[in-house]
Structure formats: structure tokens, C-alpha cells
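Engineer: Give me coordinates for this.
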Amino acid sequence: MRILIAGGAGYIGSALVPKLIDRGYDVSVIDLFWFGNHLPKNTHIVSKDIFHLVESDVKGYDQVIFLAGLSNDPMAEYSPAENFIYNAAAPAYLAYICKRAGVKRYIYAGSCSVYGYTVNELYDETMPAVSNYPYGISKLQGEQAVLQMVDEKFSVICFRQGTVSGYSPRMRFDLVVNTMFKCAVVDKGITVNNPSIWRPILSIQDAVDAYIRAIEANESISGLFNIASGNYTLGEIADVVRSTTERELKMDIELTIKHIHDLRNYKVNFDKSRNVLSFKPRHDVESITKELIAHQSEFKDYDNPMYYNIQVFKSIKKD
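Structural biologist: Sure thing, here's the model as predicted:
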């Protein structure tokens, strides 16, 4: 099977591509390489902007995965216009030419941020998606655009992902568990702005497994799927990161709790992905933290701008 991954050199792609190659897939990656290239040397690279692709560029691929776009709220709020182009228009255009070229399945990396603010409800894929911020709105537009192309010859699977965390060769420290770990190690303290806020957390290893399950799912399957390793309050995440880091690294870490209002609060039900795709998460915040500790030697410079998407994005825009 031939697979094309748009944005495949990013945080998730750099962990996913080696696993797909190991399973015998023929993998190609199209990427602008804003964050460097951490892919295996034998990965085939397509050196084109998504909007410069034509049908002949994607013809012959069995499946296409969209991991590209602007990946979080700070990037979206810094440039709302580009956010809508990269997160809504780009996946729609790529899905359009893929369908015309005979690609069998299209997998879109969406976000649970589309749910916006919910009050103590466990949301499944049938619940309202009412985000009021550029990032969540654009991710919702992207999934709506690609899902409308589904037919008997073109399967579309859209993931609404929890906040991905854990170690990747293309490392990030602007994700909640990773950020708390960085603060624990560097500052010997973790600050929580609102301990009651809920977030679905997705281990990057579980994310990789989810994409593999989607790739290998029956060709008739399409639809929306929440994927997460579990739902946690920010206060609980801080407690687990703190206790695990203190125990494993033999250090004392201070915890500061504030009560600042946050307009994003959601927890999700991911039974559908378990029952339809056989997605069974195996990780939690403690195992994510242990994974980060195990790879400490590979990211000693925690302040490297390459670890923070908004810093890289701002530098690119200034150039």
C-alpha cells in the first residue's frame, strides 16, 4: 500500500512514519519542513506546497493522511486568515484532488477543540460542536468539507484528537503534559491556571496506533471519531506529572494553583473509535511523563525555539 502524508514531518508524523515503514508500507511525505526533518532517511519526500499539487501528484496512492496545517490556538490567533487557509481550505482541496485521482481513503487530523466549552458533559461525536475561536472553527470547517466527499469509493475518517503529548523526534514543549514536565524539570515548579478545567489527553504513542487502526480499517468505514487516552482535569495532570517526576528524578517540585477563567473545557467519549476501529489506548499521563524522562538526553535545551510552534511560525512570518 502506498500512503502519502501531508505534514508528515511534524510532531505526530515524525513518530508515525517510522512505524508505517516498519509495517511494510510505502510512505511519502509532503511538508514545508518548518521544524526540520527528523524522518527516516529512506522516506520519500514530495517537495511541493499542498496548493501546488495536482491530481497526477496524488494518483497511485491508496491512502492520504492530512497532518498539515496550523496546530494550535496561539498560531491560529496570531494569523487567523492563514489559519483558515491551512486548516480548512488545504484539507478540502487535497481531499478533492485525491478523490478525483482515485485515492481510496482520506484521513484528517482534527481536534477535540471543536467542542469549545462544555459543562461537565461527556461529549461523543453526535454532540454539538460550537467552538468560538479561530483554531476550533477552522478544524470544524476542515472536517465538514472532507466528510461531504464520502461515497462508496472514497472513505473519509476524521479524528477529533485530544491534546497530544509525549516524546517525538520532532519534539514540542507547547502541549500541556510536555509543558508541565518542562516546567517541573527546568523551573522545579508547575503552575496551574485553572485546576477544574477538563482536557482529553492523547499519548503520541496512542495517536500513532489510532492512525494505524484507521489505515487498516475496512474500506467501507467513514466518519468522525474522538480519540484520546483519557480525560483529565488540569489539576490532576499537574499532580501526576509532579509526583512522577519527583519519584523518577529524585527532586522536589512546587505546585502553584490559580483560578483563572478559561473558555475551553471539554471531555470526550471515545467508545466509537474503540468499537469501530478497535482503537484501545494503552497510555496515561504517568506513562507519558515516564516516556519524556526516558528521552531527556535528546532535548536538553528546553528553550530551543524549534520546540515551540508559535515561535517558529512568528520567525517565518517576519522573514
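Engineer: Listing partners with orientation, what would you give for the lowest-mean-pLDDT helix or strand in the chain?
Structural biologist: Of all helical and strand segments in the chain, the minimum by mean pLDDT, DSSP states H and E falls on strand 117-123, at a mean of 88. Partner strands and pairing direction for strand 117-123 (DSSP bridges) are strand 265-268 (parallel).
Engineer: Enumerate the positions of the least confident helix or strand of the chain that are buried.
Structural biologist: Residues of strand 117-123 classed as buried by neighbour count (16 or more other C-beta atoms under 10 Å): 118, 122-123. C-beta: built from backbone N, CA, C; applies to glycine.
Engineer: Please apply the same query to stretch 202-222.
Structural biologist: For stretch 202-222, burial by neighbour count (16+ other C-beta under 10 Å) applies to 202-215, 217, 222.
Engineer: Just the CA atoms of it, as PDB, please.
Structural biologist: Coordinates of each C-alpha in stretch 202-222 appear next as PDB, following Å, rounded to 0.1, in the frame of the first residue of the first chain:
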ATOM      1  CA  LEU A 202      -3.800  11.700  23.800                       C
ATOM      2  CA  SER A 203      -0.400   9.900  24.200                       C
ATOM      3  CA  ILE A 204       1.500  10.300  20.900                       C
ATOM      4  CA  GLN A 205       2.000   6.500  21.000                       C
ATOM      5  CA  ASP A 206      -1.800   6.000  21.200                       C
ATOM      6  CA  ALA A 207      -2.200   8.600  18.400                       C
ATOM      7  CA  VAL A 208       0.200   6.500  16.200                       C
ATOM      8  CA  ASP A 209      -1.800   3.400  17.000                       C
ATOM      9  CA  ALA A 210      -5.100   5.200  16.000                       C
ATOM     10  CA  TYR A 211      -3.700   6.200  12.600                       C
ATOM     11  CA  ILE A 212      -2.600   2.600  12.000                       C
ATOM     12  CA  ARG A 213      -6.100   1.300  13.000                       C
ATOM     13  CA  ALA A 214      -7.700   3.800  10.600                       C
ATOM     14  CA  ILE A 215      -5.400   2.900   7.700                       C
ATOM     15  CA  GLU A 216      -6.100  -0.800   8.300                       C
ATOM     16  CA  ALA A 217      -9.900  -0.400   8.900                       C
ATOM     17  CA  ASN A 218     -12.400  -1.900   6.500                       C
ATOM     18  CA  GLU A 219     -12.700   0.200   3.300                       C
ATOM     19  CA  SER A 220     -16.400   0.800   3.900                       C
ATOM     20  CA  ILE A 221     -15.800   2.800   7.200                       C
ATOM     21  CA  SER A 222     -16.000   6.500   7.200                       C
END
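Engineer: pLDDT score assigned to residue 319?
Structural biologist: Per-residue pLDDT puts residue 319 at 65.
Engineer: mean confidence score for the biggest helix by length in the chain?
Structural biologist: Secondary structure of the chain read by DSSP state H shows that its longest helix is helix 234-249. Per-residue pLDDT over helix 234-249 has a mean of 98.
Engineer: mind listing what's buried in stretch 94-111?
Structural biologist: 94-95, 97-99, 101, 103, 105-111.
Engineer: for stretch 27-47, same thing?
Structural biologist: In stretch 27-47, counting by 16+ other C-beta under 10 Å, buried: 27-31, 35, 38-39, 43, 46.
Engineer: I'd like those residues as CSV, with distance to residue 243 and pLDDT appended.
Structural biologist: Listed next are the buried residues of stretch 27-47 as CSV, based on distance: C-beta to C-beta, whole Å; pLDDT from 0 to 100:
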residue, distance to residue 243, pLDDT
27, 38, 98
28, 43, 98
29, 38, 98
30, 42, 97
31, 37, 95
35, 31, 93
38, 31, 96
39, 35, 97
43, 38, 95
46, 44, 91
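Engineer: May I ask which helix or strand encompasses residue 181?
Structural biologist: Residue 181 is located in helix 176-186, with elements delineated by DSSP states H and E.
Engineer: Now residue 77. Its backbone dihedrals?
Structural biologist: With angles defined as degrees, to the nearest 10, residue 77 sits at phi -80, psi -30.
Engineer: Assess the claim that it and residue 138 are in contact.
Structural biologist: No: using C-beta atoms under 8 Å as the test, residue 77 is too far from residue 138 to be in contact (11.3 Å).
Engineer: and these two? which has more neighbours close in?
Structural biologist: residue 138 (27 against 14; other C-beta atoms under 10 Å).
Engineer: Give the full set of residues in contact with that one.
Structural biologist: Contacts for residue 138 (C-beta atoms under 8 Å, 6 or more residues apart in numbering) come out as 69-70, 76, 83-84, 86-88.
Engineer: any idea where the helices of the protein begin and end?
Structural biologist: 13-22, 55-58, 73-78, 80-84, 90-101, 134-147, 176-186, 204-215, 234-249, 271-277, 285-294, 309-318.
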